[in-house]
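K.L.:
Kindly return the folded structure for what I paste below:
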Amino acid sequence: MLSKSFGSAVYGVNAYIITVEVNVSQGTKFFMVGLPDSAVKESEQRVESAIKHFGYRMPRQKVVVNLAPADIRKEGSAYDLPIALGILAASEQIVTDKLERYIIMGELALDGKLRPIKGALPIAIEARKQHYKGFVLPKENANEAAIVNNLDVIGVENIQEAIEFFEGKLHIEPLQTDTRDMFYNTLNDYEADFSNVQGQENIKRALEIAAAGGHNVIMIGPPGAGKTMLAKRLPSILPPLTLHEALETTKIHSVAGKLGKASSLISTRPYRTPHHTISDVALVGGGGIPQPGEISLAHNGVLFLDELPEFKRTALEVMRQPLEDRKVIISRAKISVEFPANFMLIASMNPCPCGYYNHPEKECICGAGVVQKYLNKISGPLLDRIDLHVEVTPVSFDQMTSNRKAESSAQIRERVIKARDIQTARFKDTPHIYSNALMPPQMVKQLCQINEAGKTLLKTAMERLGLSARAYDRILKVSRTIADLAGSEQIKIEHLAEAIQYRSLDREGWAG
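P.N.:
Numbering: from 1, shown residues only. Modelled structure (predicted):
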């Protein structure tokens, strides 16, 4: 007898329906076809043990399981449940007409319990799109899938519950979630806040400008100056996620299996801090069936690279294209997938190997040329994509023990949101550009015009400080953001002067 059930495969951040056909006929042996990987092939042993645990039997006949379409590779153990239900239906151990109306996914333990799967959210979105009645999946993933409305999300703990549900012996109430209520209740729920940071007012100002214009930042300073602490608080001053951005971000984390058991919808901006030993593939994404890397997991949030010169040169170079295009395309022989990668890059580094070059109190012990060699680990093209270079100095004892109340993240965020609103109106007719940092050179000339006094100041700065040519556009973009924060239509000379301060690494002779 032939039975059909439906599962799903996830490629990139999108899901595709997989038809699980099971035929039980005269003969012997078990056959699994349709380009399954090893994890899918091994489902025979898990399925047999699971159904026997609840008193069912594995047919001692010829069993053919076909995963269609047969020319797409199937990966992972999440097909266990639809295969098991298909075998029981084809061998007439269960009788139901519901199988073809639901998407079914779940990994089976040997005792029949269900283990969680990856990608429940994109699968649920595709199930609703294809007009399936519901989605049967492990209970641990039910909250995640229930974000999608107009779809019956049925969470089950073991295969027996799934069997009884399909036979009509057990009524399971579909899980209902008020997505908007959940989203708005946890919006801007950040643990770290700028009110806890004493001193470093100039660095806070630089990060406020970065948040307001979507600019990438590099912080240079000695160990213990507070670079990591300040970077950790940057997401708390970014504009709140929209519901669309939250769903998009949650899909990526769902595909990567990074959502916690109790998590469903990501409502705060991601903050990713990969270690400097990370590989190229782990940073950008990849694999046989490509999975998202750290730059995609930081989508709509912040990617913080601590000790930037310690990262492998190849790993840093592969970020250049995603920083420009805001997406990463991973191509394989039979498949090409696209992951979004719209993130803010925040990097930090010591000024030299010993960490004390330009320190106000401690002396640098690095030899001649060592500092420049250390800085040269970061390529010019990558540095070209970083708008703000900020020197971080240690906090004095008086500042650390001061009782002066620091400005909170909420107060800073208000100013950032106002500046972003100005940019939203400015770029409303320009697709794919929504912040000052994304302006191409021709738009910079049009929107970042300065008066004669400003031109004189910029010329003097470039000559006296030895600023490189690439600093010119960056200074204009940052000054445009500073003007937006001030609510000014024109870029004034004070806005330009402040922007010039943020090009430390472009100064000739900065490292001796």
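
K.L.:
which sections of the protein are below the confidence cut-off?
P.N.:
By pLDDT under 70, the weakly predicted segments of the chain are 260-263, 397-401, 469-470, 506-512.

K.L.:
got a list of contacts for the lengthiest helix in it?
P.N.:
For the chain, the longest helix by residue count, based on DSSP state H, is helix 409-426. The contact list for helix 409-426, computed with Cβ atoms under 8 Å, 6 or more residues apart in numbering, reads 188, 190, 193-195, 204, 208, 211-213, 233, 236-239, 434-436, 447, 481, 484-485, 487. Just so you know, the C-beta spots here come from the backbone N, C-alpha and C atoms, and that holds for glycine as well.

K.L.:
Over to stretch 270-289?
P.N.:
11, 73, 75, 232, 234-235, 249, 253, 291-307, 310-312, 314-315, 318-319, 322, 328, 330, 332, 335, 339, 343.

K.L.:
Please narrow the residues you listed to those residing in helices.
P.N.:
232, 249, 253, 294-297, 314-315, 322.

K.L.:
From residue 162, how far out is the residue nearest the centre of the chain?
P.N.:
Nearest to the mean C-alpha position of the chain, counting by Cα atoms, centre = their mean, stands residue 297 at 2.0 Å. Residue 297 is 31 Å from residue 162, where distance means Cβ to Cβ, to the nearest Å.

K.L.:
Same check on residue 228?
P.N.:
Counting by Cβ to Cβ - residue 228 and residue 162 are separated by 47 Å.

K.L.:
between these two, which one's more packed in?
P.N.:
Between residue 228 and residue 162, residue 162 has the larger neighbour count (other Cβ atoms under 10 Å), namely 28 against 15.

K.L.:
other SSEs contacting the helix or strand that contains the more buried one?
P.N.:
Element membership of residue 162, judged by DSSP states H and E, is helix 159-167. With contacts taken as 3 or more Cβ pairs under 8 Å, 6 or more residues apart in numbering; DSSP states H and E, helix 159-167 sits against helix 80-90, strand 152-156.

K.L.:
Export those as TSV, with columns for mean neighbour count and distance to residue 63.
P.N.:
Below are the helices and strands packed on helix 159-167 laid out as TSV (neighbours: other Cβ atoms under 10 Å; distance: least, Cβ to Cβ, whole Å):
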stretch	mean neighbour count	distance to residue 63
helix 80-90	27	6
strand 152-156	22	23
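
K.L.:
on that earlier part again, from the contact counts, what lies against the helix or strand that the longest helix of the chain is followed by?
P.N.:
The first helix or strand that comes after helix 409-426 along the chain, using DSSP H and E, is helix 441-447. Contacts defined by 3+ Cβ pairs under 8 Å, 6+ apart place helix 441-447 against helix 471-485.

K.L.:
Now tell me what touches the helix it packs on from outside.
P.N.:
208-209, 212-213, 215, 387-388, 415-416, 418-419, 422-423, 436-437, 439, 441, 444, 447-448, 450, 458, 462, 467, 489-492, 495-496, 498-500, 502-503, 506.

K.L.:
again, only using 7 Å
P.N.:
Outside of helix 471-485, the residues within contact range by Cβ atoms under 7 Å, 6 or more residues apart in numbering are 209, 212-213, 215, 387-388, 415, 419, 422-423, 436-437, 439, 441, 444, 447-448, 458, 490-492, 495-496, 498-500, 502-503, 506.

K.L.:
That one relative to helix 409-426, how many degrees between them?
P.N.:
110 degrees (axes from the mean of the first three to the mean of the last three Cα atoms, to 10 degrees).

K.L.:
CA-only coordinates of the helix or strand that helix 471-485 is followed by in CSV, if you can.
P.N.:
Beyond helix 471-485 on the C-terminal side, the first helix or strand identified by DSSP H and E is helix 493-501. Extracted C-alpha coordinates of helix 493-501, given in CSV (Å, rounded to 0.1, in the frame of the first residue of the first chain):
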residue,chain,number,x,y,z
ILE,A,493,31.8,73.8,10.1
GLU,A,494,31.5,72.4,13.6
HIS,A,495,29.9,69.2,12.2
LEU,A,496,32.8,68.8,9.8
ALA,A,497,35.4,69.5,12.5
GLU,A,498,33.9,66.8,14.7
ALA,A,499,33.9,64.3,11.8
ILE,A,500,37.6,65.0,11.0
GLN,A,501,38.4,63.8,14.6
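
K.L.:
quick one on the thing from earlier: tell me the buried residues in the longest helix of the chain?
P.N.:
Residues of helix 409-426 classed as buried: 409, 412-413, 415-416, 419-420, 422-423, 426 (neighbour count, 16 or more other Cβ atoms under 10 Å).

K.L.:
which among those residues gets closest to residue 181?
P.N.:
Of all the buried residues of helix 409-426, residue 413 has the smallest distance to residue 181: 21.9 Å, by Cβ to Cβ.

K.L.:
All the strands of the stretch 51-200 of the chain, residue numbers only.
P.N.:
62-68, 102-104, 107-108, 114-115, 134-138, 152-156 (DSSP state E, counting those that start in this stretch).

K.L.:
coming back round to it: adding distance to residue 220, write the helices and strands packed on helix 159-167 out as JSON lines.
P.N.:
Below are the helices and strands packed on helix 159-167 laid out as JSON lines (distance: least, Cβ to Cβ, whole Å):
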{"stretch": "helix 80-90", "distance to residue 220": "52"}
{"stretch": "strand 152-156", "distance to residue 220": "49"}
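
K.L.:
Residue 368: which of those is closest?
P.N.:
Closest among the helices and strands packed on helix 159-167, using Cβ to Cβ: helix 80-90, at 63.8 Å.

K.L.:
next one: the closest one to chain centre, how far?
P.N.:
35 Å (Cα atoms, centre = their mean, to the nearest Å).

K.L.:
circling back to that earlier point, buried residues, the helix holding residue 162. List them.
P.N.:
159-163, 165-166.

K.L.:
quick one on the thing from earlier: quick one: buried ones out of the contacts of helix 471-485?
P.N.:
209, 212-213, 215, 387-388, 415, 419, 422-423, 436-437, 439, 444, 448, 458, 491-492, 495-496, 498-500, 502-503, 506.

K.L.:
re the thing from before, residues touching the helix holding residue 162, excluding its own?
P.N.:
50-51, 54, 81, 84-85, 88, 94-96, 98-99, 108, 112, 136, 154, 156, 170, 172.

K.L.:
Only C-alpha atoms, please: export that helix in PDB.
P.N.:
The C-alpha trace of helix 159-167 is given here as PDB (Å, rounded to 0.1, in the frame of the first residue of the first chain):
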ATOM      1  CA  ILE A 159       5.200   9.500  18.300                       C
ATOM      2  CA  GLN A 160       2.300   8.000  20.200                       C
ATOM      3  CA  GLU A 161       0.700  11.500  20.600                       C
ATOM      4  CA  ALA A 162       1.200  12.100  16.900                       C
ATOM      5  CA  ILE A 163      -0.400   8.800  15.900                       C
ATOM      6  CA  GLU A 164      -3.400   9.400  18.200                       C
ATOM      7  CA  PHE A 165      -3.900  12.900  16.900                       C
ATOM      8  CA  PHE A 166      -4.000  11.700  13.300                       C
ATOM      9  CA  GLU A 167      -6.300   8.800  14.100                       C
END
